[in-house]
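J.: Fold the stuff below for me.
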Amino acid sequence: MANAVKAPASQLEKVLNHQVANFGVLYIKLHNFHWYVKGPNFFTLHIKLEELYNETTLHFDAIAERLLTLHGQPLATMAGFLKESDIKEAQGNEKAEDMVRAVVADFNLINDQLKEGMEIAEKAGDETTGDLLLSIHASLEKHTWMLEAFLGNS
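T.: Predicted coordinates for the structure are as follows:
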């Protein structure tokens, strides 16, 4: 019976570490966008991007600490984040609307992965991790809706 629980827990650790990497890269990407946004929406986006990277910090830390609670080892280097993450770095030359589109795409990608993570947490009998992933999912979903509205896509 212990082996039946061990496999999902190991899989769950991989899911959490993947999100540590995603949020690590996203954190830097959001800073890049915050620092380099230009144009008529500068003030709106500058503030929003700061809000997003501050929240990303909380998610990043919560996931890493959950992994530590489960006796896992979160990635903790940029090289590790870049190798594991599905989030791509900012190019450094994006226009304001392209920045918003990139954040929406990143949030959608992460949210799809969080759903998978919730399923894995449920199979592992880990409600705490499932709840953590659900709360992050809900937050990113709301931000996605708002950013889509900003782009005129809602």
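
J.: Show me where the protein dips below the pLDDT cut-off.
T.: 1-9, 154 (pLDDT under 70).

J.: Contacts only, for the residue nearest the centre of the chain.
T.: Most central in the chain under Cα atoms, centre = their mean is Phe23, positioned 4.2 Å from the mean C-alpha point. Residues near Phe23 by Cβ atoms under 8 Å, 6 or more residues apart in numbering: Thr56, His59, Phe60, Ile63, Ile110. In this view, the C-beta of every residue, glycine as well, is placed from N, C-alpha and C.

J.: where do the helices sit along the chain?
T.: Ranges of helices within the chain are 2-36, 42-69, 78-84, 96-123, 127-151, based on DSSP state H.

J.: pretty sure Phe42 contacts Ala96?
T.: Yes - assessed by Cβ atoms under 8 Å, Phe42 is found in contact with Ala96 at 7.5 Å.

J.: Now do the contacts for the closest residue to Ile110 other than its chain neighbours.
T.: Distances taken as Cβ to Cβ, 6 or more residues apart in numbering place Asn22 nearest to Ile110, at 5.6 Å, with adjacent residues excluded. Applying Cβ under 8 Å, 6+ apart to Asn22 gives the contacts Ser85, Asp86, Ile87, Asp106, Leu109, Ile110, Gln113.

J.: tell me the contacts of the fourth one?
T.: It stands for Asp106. Asp106 makes contact with Asn22, Leu26, Lys29, Ile87 under the criterion Cβ under 8 Å, 6+ apart.

J.: I am finished for the moment; much appreciated.
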